[in-house]
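# How does the following fold in three dimensions:
(one chain, ligands or ions: 1)
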Amino acid sequence: FADLDGLKSRQIDSDQLYDAYDYVIVGGGQSGLVIANRLSEDPKKTVLVVEYGYFDDTPGQLEPSSGSVYASRNLFNVTTVPQRGIGNREGIVYAASVVGGGSTVNGMLFDRGSADDYNNWEKLGNPGWGWRGLLPYFKKSSSFTPPRADLAAEYNITWDIPRAYGNGPIQSTFPDWQWPTIKSQWKAWTDLGVPINEEGAAGDAFGAYWVPSNVDQTYRRSYARSGYFEPVKNRRNLHLLIGHRVNEVLFTSKKRAEAVTIQARGTANGSPTKTVKAAQEIVLCAGWLHTPQILQRSGVGPKSLLTQAGIPVVADLPGVGFNLQDHPALLLIYQYQTDLFPNPNSLTNNATFQAWATEQWASRKGPYSIGVGNALATVPFPILSPTYQTTINKAKGQNAADYLPSTYGPQNVKGFLKQRAVILDSFGRRDNGVVEIPFLGGSTLSLVLEKPLSRGTVLLNTTDRYAEPVIDYNTNVNPVDTDIFIAVIKFARRWFQTPSQQHLTPVEVYPGSSVGTDEEIAAHSVNAIWPSTAHGCGTSAMAPRDQAGVVSPSLTVYGVTGLSVGDVSIIPIIPATHTCATVYAIAEKAADLIKSRYDPRIRPAGPHP
Ligand SMILES: Cc1cc2nc3c(=O)[nH]c(=O)nc-3n(C[C@H](O)[C@H](O)[C@H](O)COP(=O)(O)OP(=O)(O)OC[C@H]3O[C@@H](n4cnc5c(N)ncnc54)[C@H](O)[C@@H]3O)c2cc1C
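Numbering: from 1, shown residues only. Predicted coordinates for the structure are as follows:
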């Protein structure tokens, strides 16, 4: 950050705010900074970004080895309501509050969903949002540098740059290190009939595949701030106001979004606010948790909720804050009794190895470059379980409303049924996964549910609209989700017992042999599942309006003008991937769509209506 002062020159005080900008972007997180960069490319357009968080310049934040330590200062301090599907436990909530948002704090695993996942979005009635419509934006946002040739050869690390990457600002590569045990783990997937794919990021994110980290070539975080914000620090037409919260969007009598109200962070609710106008558009990028909250606070949301909160209804949109999805997960812990040396535990239980690793890292080499790992198995249902068809039939036979929150009205149920139809098609496919199993050479596995049927809500606190919203993931309420957890635990146990892993002598530690039957696994899951792997999405979904959609395929909010959403909350169905790369593609596409509204010469890339 040699040029940090230059970077921060785009940062303004609230008394430097103009009265009006062409574009006002709410949230300077991951998507907000992408869109700010693209919209300010035209020096004649003025752009304001309002961000609640601050800059975080802590070096540890930028290293892969800090990837799993999520600093609380960069996250909103929120939790869920008791989750009835997991024994009334409260769930941890991950929502970033820092310049760069989730891209500043995340685990830097940089993967994409399968082509089928995005094609499902298009099938819901969102032309232009299938794999072909998004690939140009995946490419535009990212670039890839191959790893060391000897490491790639030894571990058979594969990639395909022409099919997957462009010259985009977010850099990605593989670390300088792999744990030897991972070789047997790769073979174990083949033992189980899981296909190995050369390049997951080319639409083939199913089976087992290598995934780069979003780091530069010295293994430092490559994120929205470094990739999209620092390079535009000299643009006079771009302002960033940090440490401020947008409270509401204000509408004209003709329902045109014309301004936002802004309050300094740390001041009491109800304190004076500043009002800033947008001549062209207000773009909400406040993330899955706060984009719906701002909409609801502004009178755009389910009428019954708004009425209860005493907020005049501008547009009755039952989907705002509904359709909440994430990837719930649980742990399976084994011990390799005859483990290879070194292994991931060597960093904590072997002082000599640790000292060597620290010395290596001083020259940006060795195990500390590895972060959260770089290999995933995203397992299709027909490979995961011989009874997958029974589960599909069970889901088809369900009365959907029985498992949705009681606040879901007819439009919400209709939207869910449309989703369910395409998801169940994907359940039967071999080119899309229902669970994800990350592996890196260790013997603790997170087993992650990729296509949950349970849906939750983010609802305005009706007695204090400026307090954090009420979050309910509704985790594990649909019994189909439990069935898939049962299947993945059994499958992962088989994986440890494959011939390829026997020389490591794997022994199960948790949950252990007392959890064997399906009933026992289901009961265990209730106590073991956590609701979120930080992939919250869906709360301002892109879908037809009569299916509880909040935004159109152009990302404009239904029922009003001058207002759009460009962040993770527009995702209609959670893809089987960590969401960061997808959010870059969404934000790049959002920027093109916004520009094209005001400049007919600009055509969004890919097929589009
Ligand atoms: C801890 C964590 C770990 C993750 N790990 C991974 C990973 O390894 N790989 C991966 O692919 N994905 C990961 N993700 C997910 C991914 O990073 C997010 O999906 C993505 O960053 C979301 O981008 P966004 O722009 O929608 O929201 P964000 O980046 O969260 O941006 C929203 C911004 O809006 C601001 N804001 C909120 N309310 C207001 C308001 N009222 N006024 C002004 N500003 C406001 C917030 O402070 C925030 O900066 C992780 C996420 C988290 C939080």
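
# from the stretch 401-550 of the chain, which residue is nearest to the ligand?
When CB to the nearest ligand atom is the measure, the stretch 401-550 of the chain has its nearest residue to the ligand at residue 534, with 3.5 Å between them. All C-beta atoms are positioned from the backbone trio N, CA, C, and that covers glycine.

# Could you double-check that that residue sits in contact with residue 101?
No: the pair formed by residue 534 and residue 101 falls short of the contact definition of CB atoms under 8 Å, at 11.4 Å.

# Between the two, which is the more surrounded one?
Neighbours were counted for residue 534 and for residue 101 using other CB atoms under 10 Å; residue 101 has more, 32 against 20.

# which bits of the stretch 1-150 of the chain sit near the ligand?
Proximity of the stretch 1-150 of the chain to the ligand is confined to 26-32, 50-53, 70, 94-98, 101-103, 105-109 under the rule CB under 6 Å from any ligand atom.

# Could you list which of those belong to helices?
Among those, the members falling in helices (DSSP state H) are 30-32, 102-103, 105.

# Compare those residues and tell me which is most surrounded.
Highest neighbour count within those: residue 31, with 34 neighbours (other CB under 10 Å).

# How about the contacts made by that one?
The neighbours of residue 31, taking CB atoms under 8 Å, 6 or more residues apart in numbering as the test, are 101, 224, 285, 566-568, 583-584, 586-587, 590.

# try 10 Å
Residues touching residue 31, when contacts are defined by CB atoms under 10 Å, 6 or more residues apart in numbering, comprise 25, 101-103, 224, 228, 283-287, 291, 565-570, 583-584, 586-588, 590-591.

# Which residues of the stretch 201-350 of the chain lie near the ligand?
The stretch 201-350 of the chain comes close to the ligand at residues 245-246, 285-287, 290, 294, as judged by CB under 6 Å from any ligand atom.

# which pair in these spans the largest distance?
The span of those, defined through CB to CB, is set by 245 and 285 at 13.6 Å.

# Neighbour count: those two, which is higher?
The residue with more neighbours, out of residue 245 and residue 285 and counting by other CB under 10 Å, is residue 285; that gives 31 against 23.

# Please, which helix or strand holds residue 257?
Element membership for residue 257 (DSSP states H and E) is strand 257-264.

# So for that strand, mean pLDDT?
Across strand 257-264, the average pLDDT comes to 98.

# and that strand, which strands flank it?
Based on DSSP bridges, the strands next to strand 257-264 in the sheet, each with its direction, are strand 244-251 (antiparallel), strand 274-284 (antiparallel).

# Quick one: those strands as JSON lines, columns for mean pLDDT too.
Formatted as JSON lines, the entries for these read as follows, by pLDDT from 0 to 100:
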{"stretch": "strand 244-251", "mean pLDDT": "98"}
{"stretch": "strand 274-284", "mean pLDDT": "98"}
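
# Could I get the ones you listed in a markdown table, plus columns for distance to residue 119?
Output for the strands paired with strand 257-264, formatted as a markdown table (distance: least, CB to CB, whole Å):
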| stretch | distance to residue 119 |
| --- | --- |
| strand 244-251 | 33 |
| strand 274-284 | 26 |
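
# Who are the packing partners of the helix or strand that contains residue 138?
Secondary structure assigned from DSSP H and E places residue 138 in helix 131-141. Counting by 3 or more CB pairs under 10 Å, 6 or more residues apart in numbering; DSSP states H and E, the packing neighbours recorded for helix 131-141 are helix 30-39, helix 115-123, helix 161-164, helix 580-598.

# how far off helix 115-123 does that helix point, in degrees?
110 degrees (axes from the mean of the first three to the mean of the last three CA atoms, to 10 degrees).

# Now helix 131-141 - C-alpha only, CSV.
Backbone C-alpha positions of helix 131-141 (Å, rounded to 0.1, in the frame of the first residue of the first chain) are rendered in CSV as follows:
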residue,chain,number,x,y,z
TRP,A,131,-23.9,-19.5,-18.2
ARG,A,132,-23.4,-18.0,-21.6
GLY,A,133,-24.6,-14.6,-20.4
LEU,A,134,-22.3,-14.6,-17.4
LEU,A,135,-19.1,-16.1,-18.7
PRO,A,136,-18.0,-12.8,-20.4
TYR,A,137,-18.3,-11.2,-17.0
PHE,A,138,-16.5,-13.9,-15.1
LYS,A,139,-13.7,-13.4,-17.6
LYS,A,140,-13.9,-9.6,-17.5
SER,A,141,-13.4,-9.6,-13.7
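
# How far off centre is it?
Averaging C-alpha positions (CA atoms, centre = their mean, to the nearest Å) puts helix 131-141 17 Å from its chain's average.

# ok, what's across the strand from the nearest residue to residue 273 once chain neighbours are set aside?
In this structure, residue 273 finds its nearest non-sequential neighbour in residue 261, 4.2 Å apart by CB to CB, 6 or more residues apart in numbering. Beta-bridge pairing of residue 261, defined through DSSP bridges, involves residue 275.

# What are the boundaries of the strands in the stretch 151-300 of the chain?
Taking DSSP state E, counting those that start in this stretch as the criterion, the stretch 151-300 of the chain contains strands spanning 170-173, 207-210, 238-241, 244-251, 257-264, 274-284, 300-301.

# Minimum distance to residue 389: which of these has it?
strand 207-210 (20.1 Å).

# Identify each buried residue in that closest one, please.
The neighbour-count criterion (16 or more other CB atoms under 10 Å) identifies 207-210 as the buried residues of strand 207-210.

# Can you add distance to residue 352 and pLDDT and give those back as JSON lines?
Formatted as JSON lines, the entries for those read as follows, by distance: CB to CB, whole Å; pLDDT from 0 to 100:
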{"residue": "207", "distance to residue 352": "38", "pLDDT": "98"}
{"residue": "208", "distance to residue 352": "33", "pLDDT": "98"}
{"residue": "209", "distance to residue 352": "34", "pLDDT": "98"}
{"residue": "210", "distance to residue 352": "29", "pLDDT": "98"}
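
# Which pair of the residues you listed spans the longest distance?
Put simply, by CB to CB the two of these set farthest apart are 207 and 210, 11.4 Å from each other.

# Now the common contact residues for the two.
Any residue near both residue 207 and residue 210 by CB under 10 Å, 6+ apart counts here, and that gives 196-197, 200, 376.

# So which of these sit within helices?
When helices are assigned by DSSP H, not one member of the shared contacts of residue 207 and residue 210 lies inside them.

# Can you select the buried ones among the residues you listed for me in ChimeraX?
Selecting just the buried residues from the shared contacts of residue 207 and residue 210 in ChimeraX takes one command, with 16+ other CB under 10 Å as the test:
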select :197,200,376
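
# Pick the one among the shared contacts of residue 207 and residue 210 closest to the ligand.
Checking the shared contacts of residue 207 and residue 210 one by one against the ligand (CB to the nearest ligand atom), the nearest turns out to be residue 376, at 11.0 Å.

# surely the closest one meets residue 578?
Yes: Residue 376 lies in contact with residue 578 (CB atoms under 10 Å); the separation is 8.9 Å.

# Please enumerate the shared neighbours of those two.
Any residue near both residue 376 and residue 578 by CB under 10 Å, 6+ apart counts here, and that gives 109, 111, 211, 436, 438, 448.

# mind listing what the closest residue to the third one other than its chain neighbours touches?
In this case it means residue 211. Distances taken as CB to CB, 6+ apart put residue 111 closest to residue 211, at 4.3 Å, once the chain neighbours are dropped. Contacts were defined as CB under 10 Å, 6+ apart; by that measure residue 111 touches 172, 200-201, 205, 209-214, 374, 376, 378, 436, 438, 575-582.

# Tell me how many other residues crowd the closest residue to residue 138 other than its chain neighbours.
Taking CB to CB, 6+ apart as the measure, residue 138 lies nearest to residue 585, with 4.6 Å between them; neighbours along the chain are not counted. A count of nearby residues for residue 585, using other CB under 10 Å, gives 24.

# quick thing: my sequence starts at 7, can you match it?
All right, first residue 7 from here; so that's residue 591.
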